[in-house]
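Engineer: here is a sequence with its predicted model. Questions after.
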Amino acid sequence: MKVLVTGHNGYVGKVLTKILSEKKIDVVGCDINYFPAAFDNELYDIQNLNTDIRNISLEDLKGIDGVIHLAGLSNDPLGELNPQLTHEINFISSVKLAKLSKKAGVKRFLFSSSCSTYGKNSDIVNENSNLDPLTEYAKSKVSSENEILEMTDESFCPTILRNATVFGYSSSLRLDLVVNNLTASAFVTGKVKLLSDGTAWRPLLHVEDMSRAFLKIIESPEDSVKGEIFNVGNNNDNYRVREIAEKVEEIVPNSKIEFSDNSNKDSRSYKVDFEKIKNNLGYKTIWSLEKGIKQLHECFEKEKFTEDDFNNRKFYRLKQLNWLIENNKLNKDLVFK
């Protein structure tokens with residue numbers, strides 16, 4: 001099987017590419033490489049289109065059996081930087097890629113969505129629950145889901161994965177994710193610093209478990225995944241942000257929870273049910289929050305991680321993008337200001 005992975009050099013993409021390659025799946029990558037890897041790691045000799053996802057052509061998709069679409073503006077702050085561009089990159093280009101894939105004869109199309117599409121919910125939500133996207137990022141995911149699923153037919157098998165909030169080690173580590181950020185802060189400053197009041201709910205998912213979900217779906221029979229939406233995570237991994245901080249405080253030596261002076265209530269709060277992917281496909285996560293925090297802590301010890309590292313732009317998508325803008329290092333058609 002030959003699979004195109006968009007964003008293959010990103011936080012999830014680095015781990016997913018490794019897992020697919022070890023399964024002897026032929027991976028073609030597509031990454032514009034604006035976000036450098038934070039740490040050295042084993043490299044896989046794969047073809048890289050090295051192009052903006054908006055410019056993928058029909059020719060690029062020839063011979064591809066499946067597409068795993070990860071690429072895009074990857075979090076809420078990034079999405080708010082330019083809502084129109086978020087719409088263009090995360091929605092219009094995703095739908096365009098799905099249409100091109102179908103035209104090229106690509107059979108499988110896996111779209112990486114997010115549990116943030118549920119927005120603010122007091123009940124436990126599942127794949128049939130109403131969506132309430134609160135940010136441009138989440139809205140772009142909902143729009144993409146709807147358009148992509150409408151393409152389902154006998155020749156085209158799209159699947160939507162609504163992933164929980166990701167955490168854990170990747171060689172392209174991000175620290176703009178709640179578990180990673182709190183653990184890094186605790187390690188270098190001794191402060192598990194909360195920017196909100198900590199009452200919001202977040203479902204969590206280790207980056208390796210997220211990658212294994214894509215593998216599970218690409219290997220599953222078509223009739224079990226065609227036109228389906230799957231929440232990806234584990235029911236035991238719904239946590240209040242305060243509970244995440246408490247777990248970090250417990251694991252990272254000499255650390256203490258501290259609230260920001262400007263901490264307030266986070267409007268994004270959702271508890272998610274993950275029974276469908278477990279019951280329908282036999283998928284189970286293998287990483288716990290505790291195990292993931294310990295993994296990150298070991299990484300920071302090994303890398304002799306410092307406060308300067310913690311503040312380095314390469315670990316934060318928004319900081320890195322702003323630096324690229326200020327130094328005129330973006331493609332001329334990628335304009336944010």
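Structural biologist: Nice, thanks for sending it over.

Engineer: for the stretch 151-300 of the chain, what spans make up the strands?
Structural biologist: Chain-ordered strands for the stretch 151-300 of the chain, with DSSP state E, counting those that start in this stretch as the definition, fall at 157-163, 165-167, 191-196, 201-206, 228-232, 238-240, 256-264, 269-272.

Engineer: partners of the helix or strand that contains D123, with directions?
Structural biologist: Counting by DSSP states H and E, the element that carries D123 is strand 120-125. Strand 120-125 has its sheet partners listed here by DSSP bridges as strand 269-272 (parallel).

Engineer: buried residues, the partner strand. List them.
Structural biologist: Of the residues in strand 269-272, S269, Y270, K271, V272 count as buried by neighbour count, 16 or more other C-beta atoms under 10 Å. C-betas here are computed from N, CA, C, even on glycine.

Engineer: then stretch 32-50?
Structural biologist: Within stretch 32-50, the residues that qualify as buried are I32, Y34, F35, A37, A38, L49, counting by 16+ other C-beta under 10 Å.

Engineer: quick check: angle from whichever helix or strand comes after the strand holding D123 to strand 228-232?
Structural biologist: As assigned by DSSP H and E, the chain's next helix or strand after strand 120-125 is helix 136-149. Orientation of helix 136-149 against strand 228-232 (axes from the mean of the first three to the mean of the last three C-alpha atoms, to 10 degrees) gives an angle of 150 degrees.

Engineer: measure how far helix 136-149 is from the centre of its chain, please.
Structural biologist: With C-alpha atoms, centre = their mean, to the nearest Å as the basis, helix 136-149 stands 15 Å off its chain's centre.

Engineer: which of the residues in it are buried?
Structural biologist: In terms of neighbour count (16+ other C-beta under 10 Å), helix 136-149 has its buried residues at 136-145, 147-149.

Engineer: so which of those comes closest to W323?
Structural biologist: The shortest distance between W323 and any of the buried residues of helix 136-149, using C-beta to C-beta, involves Y137 and amounts to 20.3 Å.

Engineer: in CSV, please show the C-alpha coordinates belonging to stretch 315-326.
Structural biologist: Extracted as CSV, the C-alpha positions of stretch 315-326 are listed here (Å, rounded to 0.1, in the frame of the first residue of the first chain):
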residue,chain,number,x,y,z
PHE,A,315,8.3,24.5,20.1
TYR,A,316,5.4,26.8,19.4
ARG,A,317,3.5,27.0,16.1
LEU,A,318,2.3,30.6,16.6
LYS,A,319,5.7,31.9,17.7
GLN,A,320,7.4,30.2,14.8
LEU,A,321,4.9,31.4,12.2
ASN,A,322,5.2,35.0,13.5
TRP,A,323,9.0,34.7,13.2
LEU,A,324,8.7,33.5,9.6
ILE,A,325,6.4,36.4,8.8
GLU,A,326,8.7,39.0,10.4
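
Engineer: that older thread, just the buried residues of strand 269-272: which has the poorest pLDDT?
Structural biologist: The pLDDT minimum for those sits at S269, where the score is 84.

Engineer: residues touching that residue, list them.
Structural biologist: K120, N121, T199, A200, W201, R202 (C-beta atoms under 8 Å, 6 or more residues apart in numbering).

Engineer: and the two most separated of the buried residues of strand 269-272?
Structural biologist: Taking C-beta to C-beta, the two most distant members of the buried residues of strand 269-272 are S269 and V272; they sit 11.0 Å apart.

Engineer: pretty sure G190 contacts I257?
Structural biologist: No: using C-beta atoms under 8 Å, G190 is not in contact with I257, being 10.7 Å away.

Engineer: circling back to that earlier point, now the buried residues of stretch 32-50 in JSON lines, with pLDDT?
Structural biologist: Supplementary listing: the buried residues of stretch 32-50 in JSON lines, determined by pLDDT from 0 to 100:
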{"residue": "I32", "pLDDT": "86"}
{"residue": "Y34", "pLDDT": "82"}
{"residue": "F35", "pLDDT": "80"}
{"residue": "A37", "pLDDT": "75"}
{"residue": "A38", "pLDDT": "76"}
{"residue": "L49", "pLDDT": "89"}
